[in-house]
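Enquirer: Build me a model from this:
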Amino acid sequence: MGNFNDSAEESTDLGAVLRNGREILLQGFNWESHKYDWWRNLEKKVADIAKSGFTSVWLPPAANSFSPEGYLPQNLYSLNSSYGSEQLLKALLQKLKQYKVRAMADIVINHRIGTTKGHGGMYNRYDGIPLAWDEHAVTSCTGGLGNRSTGDNFHGVPNIDHSQHFVRKDVIGWLKWLRSVGFQDFRFDFARGYSAKYVKEYIEGAKPIFSVGEYWDSCNYNGYGLDYNQDSHRQRIITWIDATGQLSTAFDFTTKGILQEAVKGQFWRLRDPQGKPPGVMGWWPSRAVTFIDNHDTGSTQAHWPFPSNHIMEGYAYILTHPGIPTVFYDHLYDWGDSIHQQIVKLMDIRRRQDIHSRSSVRILESRNNLYSAIIGEKLCMKIGDGSWCPTGREWALATSGQRYAVWQKQ
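Expert: Numbers count the residues shown, from 1 in each chain. Coordinates of the predicted model:
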């Protein structure tokens, strides 16, 4: 089955993919990928990625970096990284294009490692490489001569001052160049670090087909664990999306935080007081990019991991629900054939039943050991130990696994 994005591919209409709402993303790396000849490894998997039904693959930061994982960039115009050479990257991008899967670039522009010492004896100048900025490109709060940051600081490194016109002009030039290299989508790293109005300007300038921001701050916890009400948390993410001119989506960290507690036998968390899903997905599903784990929360960093014996319940939730679901590389390729097959099966059901980012949700049960819902009036599902099945002859079992089941209308 082909992807839905063929027409969007050619379109310069920024909103086409967001309006369509049929995206399924793959995070194509983890925290250790730089050790494994990564561009070549991924190239071998492109056919399977396309066949599975992914519309876009988020690739790790492709530019030269001080750290092997790519999140301390220096020379942005050098595409030789620990993930592989520029030549191997371009071969991967070409193959993705051939299979009609978009490549998503990881855009790390909150901070940048200097090449030479400047003001105050700090490495806050960029002499000798493209975008040879001086100290005025670095925020005053991180040792530069620029203005104060318009967001939170990423500590220990020079943070870029996006309020400088020359910086924004150069960033847009670089983003346009990435588009010409073959990246079509953008993921904005550490989006808390600078004002969302600049993200809006960058999207308008470089015209990616799809964008997502990493606006990650802590959920609301009390002395006993996670608060039931996470409205202030999801509101902060929504405020950020709004400030991008609604041009970007954002990772739904609220849903992740709630879902990974819910699967431990607290499924009452999955219905908010208004009867809606409790994350960003419940308020603005067309801009909510749902996920179970990523290279920070899971992988070998494990800052905030999803319980590993419950990940299929997690995927049964995000792959049947509105929003824009994301599958993590590790789960698809490192956790065994059975998990791979189960994830791809859920993706297949989502596509066949035409569940999309704005599909309706009717929550039927949400108690300690059981959650069930009808989505788009075409599909119903349950997760948890509690036994449940839909009433009505029109429902046929589509798939099931440990503590989850999905039915479709026959």
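Enquirer: what are the ranges of the helices in this protein?
Expert: Secondary structure of the chain (DSSP state H): helices located at 6-10, 16-20, 38-52, 86-98, 165-181, 196-206, 231-243, 253-262, 280-283, 311-318, 329, 337-352.
Enquirer: what's the angle between the fifth one and helix 86-98?
Expert: Orientation check (axes from the mean of the first three to the mean of the last three CA atoms, to 10 degrees): helix 165-181 against helix 86-98 gives 70 degrees.
Enquirer: so how far is helix 165-181 from its chain's centroid?
Expert: Centroid displacement of helix 165-181 relative to its chain, using CA atoms, centre = their mean, to the nearest Å, is 22 Å.
Enquirer: go on, the third one?
Expert: Here the centre of mass of C-alpha atoms in helix 38-52, compared against the chain's by CA atoms, centre = their mean, lies 19 Å away.
Enquirer: Can you name every helix or strand that it contacts?
Expert: Counting contacts by 3 or more CB pairs under 8 Å, 6 or more residues apart in numbering; DSSP states H and E, helix 38-52 is packed against helix 86-98, helix 337-352. Yep, even glycine has a C-beta here, placed from its N, CA and C like the rest.
Enquirer: Can I get those in JSON lines including mean neighbour count?
Expert: Below are those laid out as JSON lines (neighbours: other CB atoms under 10 Å):
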{"stretch": "helix 86-98", "mean neighbour count": "18"}
{"stretch": "helix 337-352", "mean neighbour count": "18"}
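Enquirer: Let's have those in a markdown table, adding distance to A243 and mean pLDDT.
Expert: Compiled in a markdown table, these are given as follows (distance: least, CB to CB, whole Å; pLDDT from 0 to 100):
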| stretch | distance to A243 | mean pLDDT |
| --- | --- | --- |
| helix 86-98 | 31 | 98 |
| helix 337-352 | 30 | 98 |
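Enquirer: And these: which comes nearest K409?
Expert: helix 337-352 (11.1 Å; CB to CB).
Enquirer: Next, the angle from that closest one to helix 38-52.
Expert: Angle of helix 337-352 versus helix 38-52, following the same axes, to 10 degrees, is 50 degrees.
Enquirer: V280 contacts T249, doesn't it?
Expert: No. Counting by CB atoms under 8 Å, V280 does not reach T249; the two are 9.2 Å apart.
Enquirer: For the two, list the residues in contact with both.
Expert: 287-288 (CB atoms under 8 Å, 6 or more residues apart in numbering).
Enquirer: And the residue nearest the centre of the chain?
Expert: Closest residue to the average C-alpha location of the chain: F251 at 5.1 Å, with CA atoms, centre = their mean.
Enquirer: residues in contact with it?
Expert: 212-216, 289, 291, 294, 326.
Enquirer: The residues you listed into CSV, with extra columns for distance to D337?
Expert: Below are the contacts of F251 laid out as CSV (distance: CB to CB, whole Å):
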residue, distance to D337
V212, 29
G213, 34
E214, 31
Y215, 35
W216, 32
V289, 27
F291, 22
N294, 23
T326, 21
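Enquirer: what's the farthest-apart pair in the residues you listed?
Expert: Taking CB to CB, no two of these sit farther apart than Y215 and T326, at 14.9 Å.
Enquirer: Who is the nearest residue to S387 once chain neighbours are set aside paired with across the strands?
Expert: In space, and not counting its chain neighbours, S387 is closest to L370: 8.0 Å by CB to CB, 6 or more residues apart in numbering. Assessed by DSSP bridges, L370 has beta-bridge partners R367.
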